[in-house]
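>>> Just to be clear, the model below is a prediction. Sequence and coordinates:
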Amino acid sequence: MALCSIFCPRIPLRFRPKPISPFLSKPLYSLSYRVYSSLQSTKDELGTFSIGFLGMGIMGSPMAQNLITAGCDVTVWNRTQSKCDPLVGLGAKYKSTPEEVTATCDLTFAMLADPESAIDVACGKNGAVFGISSGKGYVDVSTVDAASSMLISKQIKDTGALFLEAPVSGSKKPAEDGQLIFLTAGDKLLYEKASHFFDIMGKSRFYLGEVGNGAAMKLVVNMIMGSMMASFAEGILLSQKVGLDPNVLVEVVSQGAINAPMYSLKGPSMIKSVYPTAFPLKHQQKDMRLALGLAESVSQSTPIAAAANELYKVAKSYGLSDEDFSAVIEALKAVKSREA
Ligand SMILES: NC(=O)C1=CN([C@@H]2O[C@H](COP(=O)(O)OP(=O)(O)OC[C@H]3O[C@@H](n4cnc5c(N)ncnc54)[C@H](OP(=O)(O)O)[C@@H]3O)[C@@H](O)[C@H]2O)C=CC1
Ligand SMILES: O=CCCC(=O)O
């Protein structure tokens, strides 16, 4: 669809209601917007918009795959090109830089490892900002801190394009199953336009207002999750040490008030000391670090998360970065064996 706006396809510019108009009374604006929205929805057939996807890791690959399977016109890029091959095999196009992706796509999603890579892919050499322009949108679904998200937002918006942060709750399997939860913030118009695609990749979505709120929500959620996992690991080892069957512990936990899907999902493999990677431990530690930074910024005390973070750091130092984050239990075992 080249440079024509994803937000106003085939509607002449002069007839398009502005997203925010100081000249329209509220009822008139509302009516105008409803008409505009309904015109939009008639244009929302799958494949109408070209979608870019940057980052073919554990999460990005299945998310892009779901868009392709749903019939969307998808163009992919990844730093390690070979990871794009399965998506190209399914019908995706390939471009060799983020810049080329945003230049040719109406709406581009980015799923990168951390703040550094998200900023580099968006704003670095041949980055997304150099291809994007007014009428297009950039949705960063990576887990980053608010400051990094704001930096990317500013660079994208300086080009005239729209920006949305949309980190996700849910791991590899929910990504494969199209069951992610999107925590979005930024340009509301882009949220509305991208919702069609969020609904292909996810089961629910939240719009949280200004850029930074989605990042903060994601970090709070993952801070809780990281502490829960560290505590669960302690419980498994303690149950074993006092002669209990940890499999029974998992069963008891699953029937009680502290039940969480994570315990039944990860517990059995943790007991067997195997950690098939769904959420890499290095990313969980990154999220603990960023969450602690967020807490620091508002002088909120988070001693439990701080202690859990230390455990993830120990696990990383034992070479467990690329294992699933449930491998944090190994750090406790190592402490135990050193003390024995
Ligand atoms: N896995 C999970 O369960 C979940 C992860 N997340 C978050 O989603 C994001 C992605 O996670 P996940 O897919 O698991 O991670 P992976 O480690 O599997 O993928 C990371 C992606 O980032 C790319 N990347 C890393 N460094 C750079 C760089 N310097 N320049 C360009 N690209 C780079 C990788 O490219 P390459 O292939 O070349 O290495 C890869 O495409 C993270 O922010 C994570 O915290 C959120 C929810 C769940
Ligand atoms: O960021 C990773 C989240 C993993 C999950 O929500 O299960």
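Structure received. Ligands and ions are numbered 1, 2, ... in the order given.
>>> Please make it C-alpha for all contacts and neighbour counts, starting now.
Noted.
>>> Please enumerate the helices of the stretch 101-250 of the chain.
All helices of the stretch 101-250 of the chain, identified by DSSP state H, counting those that start in this stretch, fall at 115-123, 146-157, 172-177, 188-201, 213-241, 246-255.
>>> other SSEs contacting the longest one?
This points to helix 213-241. Helices and strands touching helix 213-241, by 3 or more CA pairs under 8 Å, 6 or more residues apart in numbering; DSSP states H and E, are helix 146-157, strand 180-186, helix 246-255, helix 281-297, helix 303-317, helix 328-339.
>>> mean confidence score for that helix?
The pLDDT scores in helix 213-241 average 98.
>>> One more: stretch 296-303?
pLDDT averaged over stretch 296-303 gives 98.
>>> pretty sure residue 329 is in contact with residue 231, am I right?
No - at 9.3 Å, residue 329 does not count as touching residue 231 under the criterion of CA atoms under 8 Å.
>>> Looking only at neighbour counts, state which of these two leads.
The neighbour comparison of residue 329 against residue 231 (other CA atoms under 10 Å) goes to residue 329, with 24 against 14.
>>> Now do the contacts for the more buried one.
230, 233-234, 270 (CA atoms under 8 Å, 6 or more residues apart in numbering).
>>> Drop anything exposed from the residues you listed.
Those of those that meet the buried threshold are 230, 233, 270, by 16 or more other CA atoms under 10 Å.
>>> The last one: helix or strand, and which one exactly?
Looking back up the chat, that one is residue 270. If you go by DSSP states H and E, residue 270 is part of helix 261-271.
>>> do you know how far the residue lying closest to residue 260 once chain neighbours are set aside is from ligand 2?
Nearest non-adjacent residue to residue 260, counting by CA to CA, 6 or more residues apart in numbering: residue 254, 6.9 Å away. Counting by CA to the nearest ligand atom, to the nearest Å, the separation of residue 254 from ligand 2 is 17 Å.
>>> Contact distance from ligand 1 - what residues of this structure qualify?
55-60, 78-80, 111-114, 117, 121, 142-143, 168-172, 278-279, 283 (CA under 6 Å from any ligand atom).
>>> Residue in the protein with the shortest distance to ligand 2?
residue 170 (3.5 Å; CA to the nearest ligand atom).
>>> what's across from the closest residue to residue 174 other than its chain neighbours in the sheet?
Of all residues not flanking residue 174 in the chain, residue 180 sits nearest, at 5.5 Å (CA to CA, 6+ apart). Assessed by DSSP bridges, residue 180 has beta-bridge partners residue 202.
>>> now swap in residue 138 and tell me
For residue 138, the beta-bridge partners under DSSP bridges are residue 108, residue 163.
>>> Now do the same contact list for it.
107-110, 156, 161-164.
>>> any idea how far it is from residue 259?
Using CA to CA, to the nearest Å, we find residue 138 at a distance of 37 Å from residue 259.
>>> so how far is stretch 199-217 from its chain's centroid?
Relative to its chain's centre, stretch 199-217 lies at 9 Å (CA atoms, centre = their mean, to the nearest Å).
>>> which of the residues in it are buried?
Quick answer for stretch 199-217 (16+ other CA under 10 Å): 199-202, 204-205, 207-208, 211-217.
>>> sorry, back to before: worst average pLDDT in the helices and strands packed on helix 213-241?
Looking at the helices and strands packed on helix 213-241, the lowest mean pLDDT belongs to helix 328-339 (a mean of 75).
>>> Reformat the buried ones among the contacts of residue 329 as JSON lines; add distance to ligand 2.
Below are the buried ones among the contacts of residue 329 laid out as JSON lines (distance: CA to the nearest ligand atom, whole Å):
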{"residue": "230", "distance to ligand 2": "14"}
{"residue": "233", "distance to ligand 2": "16"}
{"residue": "270", "distance to ligand 2": "16"}
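>>> what's the following helix or strand after the helix or strand containing residue 61?
Assigned by DSSP H and E, residue 61 belongs to helix 60-69. Note on helix 60-69: by DSSP H and E, the next helix or strand toward the C-terminus is strand 73-77.
>>> could you say what helices and strands that next one packs with?
Going by 3+ CA pairs under 8 Å, 6+ apart, strand 73-77 lies up against strand 50-54, helix 60-69, strand 93-94, helix 98-104.
>>> Can you give the contact residues for the following helix or strand past it?
The element immediately downstream of strand 73-77 (helix or strand, assigned by DSSP H and E) is helix 85-89. The contact list for helix 85-89 (CA under 8 Å, 6+ apart) reads 61, 64-65, 76, 94.
>>> Kindly recompute the last result at 10 Å.
By CA atoms under 10 Å, 6 or more residues apart in numbering, the surrounding residues in contact with helix 85-89 are 56, 61-62, 64-65, 68, 74-77, 91-94.
>>> CSV for the residues you listed, including pLDDT and distance to residue 195?
As requested, those are exported to CSV (pLDDT from 0 to 100; distance: CA to CA, whole Å):
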residue, pLDDT, distance to residue 195
56, 98, 21
61, 98, 19
62, 98, 18
64, 98, 15
65, 98, 17
68, 98, 16
74, 98, 16
75, 98, 19
76, 98, 20
77, 98, 22
91, 97, 23
92, 98, 21
93, 98, 22
94, 98, 24
